[in-house]
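Enquirer: coords please:
(one chain, ligands or ions: 1)
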Amino acid sequence: MEQYVINGGKSLAGEVTISGAKNAALGILAGAIMCDEFVTIENLPDVSDINVLLEAIAAIGAVVERVDKHTVRINGGTIHTEMVDYDYIQKIRASYYLLGALLAKRKNATVAMPGGCDIGLRPIDQHLKGFRALGANVTTENGFIHAKATHLRASHIFLDLVSVGATINIMLAATMAEGQTIIENVAKEPHIVDVANFLNSLGANIKGAGTDVIRIRGVQKLHGNTYSIIPDQIEAGTFMCLAAATKGDITLKSVIPKHLEAITAKLVEIGAEVNEYDDSVRVCCNRRLAASTVKTRVYPGFPTDMQPQMAAVLMFGKGTSYIHENIFENRFKYVGELRKMGAGIKVEGNSVAVIEGIEKGNAAIMDAPDLRAGAALTIAALATEGQSVIRDIEYIERGYEDFDQKLRGLGASIEKTVVPSGKKKSKFA
Ligand code: EPZ
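Expert: The predicted structure is shown next:
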């Protein structure tokens with residue numbers, strides 16, 4: 001068990017290079033197994049979620065060659081089973097993308113049912129609805145999902161709700177289905193577009209990604225290629241919030257400013273200065289920021305994955321802020337941790353956080369409840385004088401590559417240490 005030990009209160013400044021997008025990479029790695037030739041994927045983030053999915057892909061028999069920390073070659077031609085081991089789904093939900101990919105490639109797939117998780121129930125009914133519409137027989141028994149089809153046929157699918165995962169999973173399955181499949185009410189996040197662009201680079205025929213309707217004309221076979229993953233919108237947004245909360249001056253390199261528009265707009269609205277360049281963004285702040293109301297929406301609205309980090313900024317804002325979480329039903333578990341720092345934050349119902357801004361917080365010992373909440377606690381601790389400790393940082397390292405190193409590069413006093421045995425959390429904590 002490791003922890004961050006942070007001596008906060010400094011204004012962070014300098015340059016940070018943003019890694020590849022985790023949530024694009026997960027869909028892309030799954031898509032790569034549909035090809036019986038080598039696919040080279042570059043700009044992979046070196047984070048545990050990616051490394052676990054690569055293990056799952058190797059476990060079903062694909063060739064997985066690590067070229068370097070950020071580059072992998074995959075060849076799905078040697079896959080020998082359509083059964084994904086339970087452990088992998090247990091470790092990362094996104095292993096369920098192998099359902100869509102194996103269904104497309106082998107017309108057969110078995111993956112353990114993903115549990116709920118720290119931010120909500122997260123059912124996958126829309127994924128299964130799409131597979132059934134394409135002609136698959138989908139059953140669930142003993143905690144496993146079995147999807148089989150004699151052949152996959154085109155369909156016109158209307159998603160009941162906008163879902164990133166269902167959009168990607170159904171797009172994967174439809175890539176090799178006969179005829180033209182239309183999927184409506186789809187998610188439009190940058191990572192959806194990146195997965196579609198990746199599949200098209202292998203010879204797929206997918207149009208409309210990034211709009212409300214995706215059209216996929218199935219192909220028999222995919223060919224190898226090399227593809228570089230887009231920069232991570234949420235990692236970038238996290239560092240933008242860090243500059244705002246610590247009254248710093250941070251330049252983010254290797255970003256796509258358009259993907260950050262909702263985050264930029266909100267930070268500018270509360271008084272931060274944001275300058276956009278071709279592939280970088282600079283965020284400066286030299287004053288106490290204003291309060292605001294944030295409502296999480298599907299892209300291009302304010303991303304739910306940035307909601308905790310924005311709370312860490314608004315906890316120091318001048319006045320009362322409101323955060324409406326409209327995507328997940330349990331995404332405020334960080335509130336209790338921020339209150340340990342003296343944050344004037346509380347949750348009303350389970351979808352609105354009300355924040356009475358404070359000028360200064362108190363250093364505290366906190367526990368990261370999930371990936372983005374852990375990032376938010378780190379921001380708040382770095383903005384607060386004194387020594388704070390954040391435990392359960394394995395959550396954070398699922399989605400942020402070299403997080404402590406990148407923070408030290410900006411002048412942060414942060415060390416990663418092993419939790420002293422006597423200090424392990426009591427299970428009744
Ligand atoms: C993806 O999760 C991301 N994960 C999440 O990021 C992100 O928060 C989320 O999209 C929303 O942007 C990955 O890409 C690996 P959804 P996903 O399906 O696909 C409900 C992070 O921090 N729903 O868009 O699971 C669902 O319960 C993670 O990197 C159904 O009801 O999200 C939720 O309330 C956290 N039935 C809403 O839709 C379904 O079949 C949106 O979920 C599918 C989803």
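Enquirer: which residues touch whatever residue of the chain ends up closest to the ligand?
Expert: Nearest residue of the chain to the ligand: Gly165, at 2.7 Å (Cβ to the nearest ligand atom). To be clear about C-beta, it is placed using only N, CA and C from the backbone, and glycine gets the same treatment. Contact analysis of Gly165 by Cβ atoms under 8 Å, 6 or more residues apart in numbering lists 93-94, 96-97, 124, 127.
Enquirer: Quick check: next helix or strand after the lowest-mean-pLDDT helix or strand in the chain?
Expert: One helix or strand of the chain scores below all others by mean pLDDT, DSSP states H and E: helix 86-91, with a mean of 88. The helix or strand immediately downstream of helix 86-91 is helix 97-106, counting by DSSP states H and E.
Enquirer: Which elements pack onto that following helix?
Expert: Other helices and strands packing on helix 97-106, by 3 or more Cβ pairs under 8 Å, 6 or more residues apart in numbering; DSSP states H and E, are helix 22-32, strand 108-112, helix 125-133, strand 144-148, helix 164-174.
Enquirer: Can I get those in a markdown table including mean pLDDT?
Expert: Below are the helices and strands packed on helix 97-106 laid out as a markdown table (pLDDT from 0 to 100):
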| stretch | mean pLDDT |
| --- | --- |
| helix 22-32 | 98 |
| strand 108-112 | 96 |
| helix 125-133 | 98 |
| strand 144-148 | 96 |
| helix 164-174 | 98 |
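Enquirer: Sketch out the low-pLDDT regions of the stretch 301-429 of the chain for me.
Expert: 422-429 (pLDDT under 70).
Enquirer: How about the residues of it by the ligand?
Expert: Within the stretch 301-429 of the chain, the positions near the ligand by Cβ under 6 Å from any ligand atom are 304-305, 327-328, 371-372, 399.
Enquirer: Go again with 8 Å.
Expert: Counting by Cβ under 8 Å from any ligand atom, the stretch 301-429 of the chain comes close to the ligand at 303-305, 327-329, 370-372, 399.
Enquirer: in the least confident helix or strand of the chain, what counts as buried?
Expert: Neighbour-count burial for helix 86-91, counted by 16 or more other Cβ atoms under 10 Å, picks out 88-89, 91.
Enquirer: CA atoms of it as CSV?
Expert: Written as CSV, here are the backbone C-alpha positions of helix 86-91 (Å, rounded to 0.1, in the frame of the first residue of the first chain):
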residue,chain,number,x,y,z
TYR,A,86,-12.7,-13.3,-14.4
ASP,A,87,-9.7,-11.6,-12.7
TYR,A,88,-9.3,-9.1,-15.5
ILE,A,89,-12.9,-7.8,-15.4
GLN,A,90,-12.6,-7.7,-11.7
LYS,A,91,-9.5,-5.5,-12.0
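Enquirer: Show me what that helix packs onto, helices and strands only.
Expert: Counting by 3+ Cβ pairs under 8 Å, 6+ apart, helix 86-91 packs on helix 48-59, strand 108-112.
Enquirer: Okay, now the sheet partners of the helix or strand that comes right after the first one, with direction.
Expert: Of the helices and strands lying after helix 48-59 in sequence (DSSP H and E), the nearest is strand 63-68. When sheet partners are counted by DSSP bridges, strand 63-68 sits next to strand 71-75 (antiparallel).
Enquirer: Which of the residues in the strand it pairs with are classified as buried?
Expert: Using 16+ other Cβ under 10 Å as the test for burial, strand 71-75 gives 72-75.
Enquirer: Kindly report the same for stretch 216-230.
Expert: In terms of neighbour count (16+ other Cβ under 10 Å), stretch 216-230 has its buried residues at 216-219, 222, 224-225, 227-230.
Enquirer: Tell me if that stretch is near the ligand.
Expert: No - applying Cβ under 8 Å from any ligand atom, one finds stretch 216-230 separated from the ligand by no less than 12.9 Å.
Enquirer: start to end distance for that stretch?
Expert: 22 Å (Cα to Cα, to the nearest Å).
Enquirer: How far off centre is it?
Expert: Chain-centre distance of stretch 216-230: 22 Å, with Cα atoms, centre = their mean, to the nearest Å.
Enquirer: Over to stretch 31-50?
Expert: The answer for stretch 31-50 is 16 Å, by Cα atoms, centre = their mean.
Enquirer: Could you work out the end-to-end span of it for me?
Expert: Stretch 31-50 has an end-to-end distance of 14 Å (Cα to Cα).
Enquirer: Nearest to Asn51 among the residues of the stretch 301-429 of the chain next to the ligand?
Expert: The shortest gap between Asn51 and any of those belongs to Gly399, at 12.0 Å (Cβ to Cβ).
Enquirer: quick one: contacts for the closest one?
Expert: For Gly399, the contact set (Cβ under 8 Å, 6+ apart) comprises 22, 45, 47, 49, 234-235, 371-372, 375.
Enquirer: Which parts of this structure are helices?
Expert: Along the chain, counting by DSSP state H, helices occupy 22-32, 48-59, 86-91, 97-106, 125-133, 164-174, 190-201, 233-245, 261-269, 307-314, 335-339, 371-382, 403-408.
Enquirer: Including neighbour count and distance to the ligand, could the contacts of Gly165 go into TSV?
Expert: Output for these, formatted as TSV (neighbours: other Cβ atoms under 10 Å; distance: Cβ to the nearest ligand atom, whole Å):
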residue	neighbour count	distance to the ligand
Arg93	18	7
Ala94	25	4
Tyr96	24	9
Tyr97	28	8
Ile124	19	4
His127	26	5
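Enquirer: For the stretch 1-150 of the chain, what lies in contact range of the ligand?
Expert: Contact residues, the stretch 1-150 of the chain versus the ligand (Cβ under 8 Å from any ligand atom): 22-23, 26-27, 49, 92-94, 119-129.
Enquirer: wouldn't Pro190 be in contact with Ala24 here?
Expert: Yes - using Cβ atoms under 8 Å, Pro190 makes contact with Ala24 at a distance of 7.2 Å.
Enquirer: Great, nothing more from me.
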